[in-house]
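Engineer: Fold the following, please.
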Amino acid sequence: MSRAPRVLFVSYGGGHIGMVLPVMRELEALLPGVQCTLLALTTGHLKAQAVRPDTLGYRDFLHLVDADAARAWGERLSEGNTSPDVPSDETIAYLGINYLDLIAQHGEAGAADLYCEQGRYGFRPLHFMRAVMDALQPNAVVATNSPRSERAALDVAGERGLPNIGMVDMFGLDSDTYVLHQPKPALTCVISEGVRQRLIARGFPAEGVAVTGNPAFDGLSSRVNAEKAQTFVESQGWQGLTPILWTGHLEPTDASDPMFAGPRLGLKVEHALRDLIRVRNDLALIVRYHPNEWHHFQRIPEQPRVHFSKPSEEPIHPLILASRAVVVQNSTVGLESAIAGRPVVSLEFADTVKNSFSMAKMGVSVPCHQLPDLLSILNQVLSWPEAHAKEYASDGRAAFRVASLVLNSLFD
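Structural biologist: Numbering: from 1, shown residues only. Modelled structure (predicted):
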C-alpha cells in the first residue's frame, strides 16, 4: 500500500455512533497514520462532531449530486422529519440526496410509491455511496447494522472488493434486516457466541463472524463513568435513594391499542412511575426517551426526585450505572443495563416488542405483560442483588478487538 490506509466508518445516531467512535480511536492507536473518516448520520452527527470535528455528513457531499434538486426535495420532505439534535441543512441534505437516489433506482413514480409506503425506511442510497467512495477512496469500510446508508456502504464496498466489516449491536434476530440481507459482508462483529451461531445458521460464513463484543458497551466497565454516575447522584441530591431509569421510545401510530400509539405508551409509563415516586420517598426517577424521538414526548411539570434527561446533553452509561433498576420496551439500553448488573423490566405488551423481539425471551429482562403490573414487578426486582447478563458480558475491550480485525483486513 503506497499511501496511508484509509478507512471509512458509517453510522447513524442513538447507540450506533457509540459503536464506531471507540473503534476509530483504537485503530488510530494500533496503526499510526491511518486515515479514519466518519460519515455520521442524523442524530449521530453532532454527537460525533463534538468528539471528532472532522466528522462528515450528507451536506458535505452535495457537490456529488444535483445539489439544487437535493435541497428542493429535502425541504419538501423535511416536514415531520426534523429533530432538534440534527442541523436543518444536514436533514435537508440527507432527505434530498436519499430521495434523488430513490428516483435514480426506481424512477419518479416508483420513488414516490416507495416513499409513500415506507418513508425513510425505503432509502438505500447505492448511487450516492458509490460517488462517496469514488471521492474518498477508502481501503476498507466499517458500518453498523442499520438498513439504509450503512447497508448501502457495505454493499458498495463489497462490489469493489474492499474489506467490508459490519457490526451488529444486539441479538442478530430475523427482525434485524442485516441478518437476512444479501450479499453478506466479508466480516461481521457480534456480541456473543450465541449471536454468532444464529448468523451462521442464516447463511453467514463461519469464518466471517467474530465474537468481539459491542464497543458501545465498553464504557460500562469504565471507572470514569462510574465516577460520573456518583457525581450525577450527588448533583441531584439523591444520596441514599434508589433511582429507577425509564428509557422509552415511540410506538407505531397505528398501534393495536390506540391508547398506546405514538408517545402515549411512554407517557403512561412515565405517569405511573411518577405516581410511584410520590408515594415512595426512598425512590427517584430518571426519564430518558430515545435520542431520535425525545422531543415528541410532552414534558410533564417538574417533580421532586424526578430528572428528565436530554440525550444530547447526557451520555447513557452514567445514568445506567446510577440506577438500581431499568424499565424498557426493547431498546439497546435494556441489554446494556443487564450487562451492568441492573435488573431490567421489559414491557412485553408494547407493539414494538410484539413486532420485533422480546428482551425477556433473550434472557435479559423480567417481562411485564400489562401496565398495571409494572409497579409490583419493580418492587420485586428492586430487592434483587446485582446479576450480570453472563452471555453478553463486556470486559471493556470490544473496541480493541474490532479495531484489530479492521487492521488485519487492511493487510490480508
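
Engineer: only C-alpha atoms for contact and neighbour calcs from this point on.
Structural biologist: Fine.

Engineer: now the stretch 1-150 of the chain, which segments are flagged as low pLDDT?
Structural biologist: Within the stretch 1-150 of the chain, the stretches with pLDDT under 70 are 1-2, 14.

Engineer: all helices of it, in order?
Structural biologist: Applying DSSP state H, counting those that start in this stretch to the stretch 1-150 of the chain gives helices spanning 17-30, 44-51, 67-77, 88-118, 126-136, 149-159.

Engineer: Buried deepest among those helices, which one?
Structural biologist: helix 149-159 (a mean of 23; mean count of other C-alpha atoms under 10 Å).

Engineer: got JSON lines for the helices of the stretch 1-150 of the chain, with distance to residue 381 too?
Structural biologist: Shown next, in JSON lines, are the helices of the stretch 1-150 of the chain (distance: least, C-alpha to C-alpha, whole Å):
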{"stretch": "helix 17-30", "distance to residue 381": "29"}
{"stretch": "helix 44-51", "distance to residue 381": "33"}
{"stretch": "helix 67-77", "distance to residue 381": "45"}
{"stretch": "helix 88-118", "distance to residue 381": "39"}
{"stretch": "helix 126-136", "distance to residue 381": "47"}
{"stretch": "helix 149-159", "distance to residue 381": "38"}
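
Engineer: Quick one: closest of those helices to residue 392.
Structural biologist: helix 17-30 (15.4 Å; C-alpha to C-alpha).

Engineer: so what does the closest one touch, helix or strand wise?
Structural biologist: Counting contacts by 3 or more C-alpha pairs under 8 Å, 6 or more residues apart in numbering; DSSP states H and E, helix 17-30 packs against strand 6-11, strand 35-40, helix 44-51, strand 140-144, helix 398-411.

Engineer: domain assignment for this structure?
Structural biologist: Using automatic domain parsing, the domain parsing of the chain gives 6-217+396-411, 223-392.

Engineer: re the thing from before, so which of the helices and strands packed on helix 17-30 gets nearest residue 167?
Structural biologist: It is, among those and with distance given as C-alpha to C-alpha, strand 140-144, at 4.6 Å.

Engineer: Reduced to three states, what does residue 307 come out as?
Structural biologist: Classification of residue 307 using DSSP: H, G, I helix; E, B strand; the rest coil returns strand.

Engineer: Show me what it bridges to in the sheet.
Structural biologist: Residue 307 has these beta-bridge partners by DSSP bridges: residue 286.

Engineer: what residues are up against it?
Structural biologist: 285-287 (C-alpha atoms under 8 Å, 6 or more residues apart in numbering).

Engineer: again with residue 89
Structural biologist: residue 59.

Engineer: From residue 141, how far out is it?
Structural biologist: Counting by C-alpha to C-alpha, to the nearest Å, the gap from residue 89 to residue 141 is 26 Å.

Engineer: Over to residue 272?
Structural biologist: According to C-alpha to C-alpha, residue 272 stands 45 Å off from residue 141.

Engineer: The two: which is more packed in?
Structural biologist: With neighbours defined as other C-alpha atoms under 10 Å, residue 272 and residue 141 compare such that residue 141 has more, 26 against 15.

Engineer: how much space between the more buried one and residue 273?
Structural biologist: According to C-alpha to C-alpha, residue 141 and residue 273 sit 43 Å apart.

Engineer: Residue 120 too?
Structural biologist: Taken as C-alpha to C-alpha, the span from residue 120 to residue 273 is 33 Å.

Engineer: ok, the two, which is more surrounded?
Structural biologist: Using other C-alpha under 10 Å, the more surrounded residue of residue 120 and residue 273 is residue 273, with 24 against 16.

Engineer: In this structure that one contacts residue 285, no?
Structural biologist: Yes. Between residue 273 and residue 285 there is a contact at 7.4 Å, judged by C-alpha atoms under 8 Å.

Engineer: residues in contact with residue 277?
Structural biologist: Residue 277 neighbours (C-alpha under 8 Å, 6+ apart): 283-285, 305-306.

Engineer: For residue 178, state which of those is nearest.
Structural biologist: Closest to residue 178, out of all of the contacts of residue 277 and judged by C-alpha to C-alpha, is residue 285, at 34.9 Å.

Engineer: Identify the residues contacting that closest one.
Structural biologist: With C-alpha under 8 Å, 6+ apart, residue 285 has these contacts: 243-246, 273-274, 277, 305-307.

Engineer: Could you check how far it is from residue 307?
Structural biologist: Counting by C-alpha to C-alpha, the gap from residue 285 to residue 307 is 6 Å.

Engineer: go on, residue 66?
Structural biologist: For residue 66 relative to residue 307 (C-alpha to C-alpha), the value is 45 Å.

Engineer: Ok, residue 125 next?
Structural biologist: 39 Å.

Engineer: Ok, residue 116 next?
Structural biologist: Distance from residue 116 to residue 307, by C-alpha to C-alpha: 38 Å.

Engineer: can you check residue 73 too?
Structural biologist: 39 Å.

Engineer: same deal with residue 278?
Structural biologist: In terms of C-alpha to C-alpha, residue 278 sits 14 Å off from residue 307.

Engineer: give the contact list for the closest residue to residue 101 other than its chain neighbours.
Structural biologist: Computed as C-alpha to C-alpha, 6 or more residues apart in numbering, the closest residue to residue 101 that is not its neighbour in sequence is residue 125, at 5.4 Å. Applying C-alpha under 8 Å, 6+ apart to residue 125 gives the contacts 97-98, 101-102, 148-149, 152.
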